[in-house]
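> Model the following, please.
(one chain, ligands or ions: 1)
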Amino acid sequence: MREMEMKGNPWDSNAITREYFDSLLLEMRHIDAVIPSTKLELYGETFDTPIMMAALSHLNNVYENGMVEMAKGALAANAVNWAGMGDEAEIAAITATGARTINIIKPYADNDYIFKRIEYAERCGVIAVGMDVDHSFGGNGLYDVVLGDKMKPKTLMELKEFIKSTKLPFIIKGVLSEQDAYKALEAGAKGIVVSHHHGIMNYAVPPLYTLPKIAKVINRQIPIFVDCGVMSGMDVFKALALGADAVSAGRVIMEPLKKNGAMGVRDQIIKMTEELAGVMARTCSQDLNHIDSAVIYQRNGW
Ligand SMILES: Cc1cc2nc3c(=O)[nH]c(=O)nc-3n(C[C@H](O)[C@H](O)[C@H](O)COP(=O)(O)O)c2cc1C
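From the prediction side, this is the model:
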């Protein structure tokens with residue numbers, strides 16, 4: 001018998017993911033504990049937090065110039081900023097803020113356009129590029145069309161070509177299986193995002209559930225990022241303990257962005273980072289590289 005009650009529809013991947021976060025309990029370790037460091041080293045740069053912006057897009061209906069405001073908030077918190085779908089002018093405006101930005105490019109059917117966007121992002125000074133490979137199909141088994149743009153799934157060979165075309169680290173976003181983790185390594189990716197793209201498919205396994213298996217495949221060769229349903233510093237800690245190097249937060253920063261623009265984003269990241277530090281302190285985790293997965297316990301039912 002499952003002890004926990006589902007808080008949403010049983011098929012809803014976001015509800016299942018929330019339930020899984022809440023099924024994870026933590027032991028405490030106090031002796032020899034120190035004030036922890038939440039500093040993140042990534043692609044040769046240092047950030048104050050492992051909490052990054054998710055690769056969002058189209059935030060103008062949340063806040064005027066929402067993507068740029070989010071970037072300013074990330075910069076103010078010295079956090080990594082990510083940007084999803086948007087035109088060249090938008091990525092130029094985002095990077096002009098000075099925010100250290102990762103640009104996730106869609107799996108457009110037109111590969112020439114992808115090469116062009118990779119090159120453009122490189123010229124804008126992004127720190128990495130990548131692709132959300134989980135956004136190529138619609139739910140009907142046909143290629144997706146996103147705001148009029150045709151998508152197409154990419155082969156391992158095609159991914160290798162994109163990766164070869166840039167000197168920047170290339171990140172594959174939307175890895176939710178060991179198979180894709182092996183392929184990401186073979187393709188030459190310099191990072192993966194373990195994600196189900198906020199429930200792009202029903203009954204998707206929670207990223208944290210599959211994370212330890214994926215982390216074993218990756219074996220510390222490249223950074224692992226996680227997103228989907230990260231709401232608090234506690235969630236961040238659980239992701240880090242199970243094998244993530246950093247996490248992305250999307251929907252949890254949208255309300256603060258709506259209320260207070262860049263400062264709302266900054267404050268939300270700082271609040272979650274402080275909460276993360278609080279748990280790190282009480283689990284004797286001195287820095288991000290010293291979080292022991294053995295502090296995690298599994299509530300019954302999973
Ligand atoms: C408004 C919105 C726009 C998004 N746009 C993109 C996008 O363009 N590219 C992408 O890879 N992911 C996109 N995502 C997905 C996020 O990057 C992320 O995977 C997802 O929201 C899960 O994180 P969360 O639960 O913290 O929101 C978008 C999500 C939201 C809510």
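> and the stretch 201-302 of the chain, which residues reach the ligand?
227-230, 249-252 (Cβ under 6 Å from any ligand atom). The C-beta positions use only the backbone N, C-alpha and C, and glycine is treated the same way.
> Find the closest residue to the ligand in the stretch 101-250 of the chain.
Proximity of the stretch 101-250 of the chain to the ligand (Cβ to the nearest ligand atom) peaks at residue 250, 2.5 Å away.
> quick one: low-confidence ranges for the stretch 1-150 of the chain?
Applying pLDDT under 70 to the stretch 1-150 of the chain flags residues 1-7.
> all strands of the chain, in order?
Applying DSSP state E to the chain gives strands spanning 24-26, 40-42, 45-47, 51-53, 81-83, 101-105, 128-132, 145-146, 149-150, 170-175, 191-194, 224-226, 246-249, 296-298.
> which parts of the stretch 51-200 of the chain sit against the ligand?
So the stretch 51-200 of the chain meets the ligand at 54-58, 84-85, 104, 132, 173, 195, 197-198 (Cβ under 6 Å from any ligand atom).
> Filter those residues down to the buried ones.
54-57, 84-85, 104, 132, 173, 195, 197 (16 or more other Cβ atoms under 10 Å).
> which ones are touching the nearest residue to residue 263 once chain neighbours are set aside?
Distance criterion Cβ to Cβ, 6 or more residues apart in numbering; nearest residue to residue 263, sequence neighbours excluded, is residue 73 at 6.9 Å. The contact partners of residue 73, taken as Cβ atoms under 8 Å, 6 or more residues apart in numbering, are 53, 253, 257, 261-266, 268-269.
> Would you mind listing which of the residues you listed are buried?
Neighbour counting over those (16+ other Cβ under 10 Å) leaves 53, 253, 257, 261-262, 264-266, 268-269 as the buried ones.
> Tell me which entries of the residues you listed lie within helices.
Judged by DSSP state H, the subset of these located in helices is 257, 261-262, 264-266, 268-269.
> And the furthest pair within these?
Spatial extent of those (Cβ to Cβ) is set by the pair 261 and 269 at 13.6 Å.
> Could you report the distance from the residue nearest to residue 263 to the ligand?
Distance check for residue 73 against the ligand: by Cβ to the nearest ligand atom, to the nearest Å, it reads 15 Å.
> Next: residue 284.
In terms of Cβ to the nearest ligand atom, residue 284 sits 28 Å off from the ligand.
> Measure how buried that residue is and give me the count.
18 (other Cβ atoms under 10 Å).
> residues in contact with it?
By Cβ under 8 Å, 6+ apart, residue 284 lies in contact with 29-33.
> Name all residues that make contact with residue 71.
Taking Cβ under 8 Å, 6+ apart, we find residue 71 in contact with 53, 81, 83, 94-95, 97, 99, 101.
> Switch these over to TSV; also include distance to residue 239.
TSV is the format used below for the contacts of residue 71 (distance: Cβ to Cβ, whole Å):
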residue	distance to residue 239
53	15
81	19
83	21
94	25
95	27
97	27
99	22
101	21
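> Residue 183: which of the residues you listed is nearest?
Lowest distance from residue 183 to the contacts of residue 71 (Cβ to Cβ) belongs to residue 83, with 24.6 Å.
> thinking again about what came up before, so which of the contacts of residue 284 comes closest to residue 283?
Within these, proximity to residue 283 (Cβ to Cβ) peaks at residue 29, which comes in at 5.4 Å.
> What distance do you get for the residue nearest to that closest one when sequence neighbours are not counted to residue 237?
Distance criterion Cβ to Cβ, 6+ apart; nearest residue to residue 29, sequence neighbours excluded, is residue 284 at 3.8 Å. Going from residue 284 to residue 237 by Cβ to Cβ, to the nearest Å gives 13 Å.
> And the helices in the stretch 201-302 of the chain?
Listed in chain order, the helices of the stretch 201-302 of the chain (DSSP state H, counting those that start in this stretch) span 207-218, 233-241, 254-281.
> could you say what helices and strands the second one packs with?
Taking 3 or more Cβ pairs under 8 Å, 6 or more residues apart in numbering; DSSP states H and E as the contact definition, the neighbouring helices and strands of helix 233-241 are strand 24-26, helix 207-218, strand 246-249, helix 254-281.
> Kindly compare burial across the ones you listed and name the winner.
Compared across the helices and strands packed on helix 233-241, strand 246-249 shows the largest average neighbour count, a mean of 26 (mean count of other Cβ atoms under 10 Å).
> Parallel or antiparallel, list what pairs with it.
Paired with strand 246-249 in the same sheet, following DSSP bridges, are strand 51-53 (parallel), strand 224-226 (parallel).
> Show me what the last one is in contact with.
Outside of strand 224-226, the residues that reach it under the criterion Cβ under 8 Å, 6+ apart are 52, 171, 191-195, 207-208, 211, 214-215, 218, 239, 243-248.
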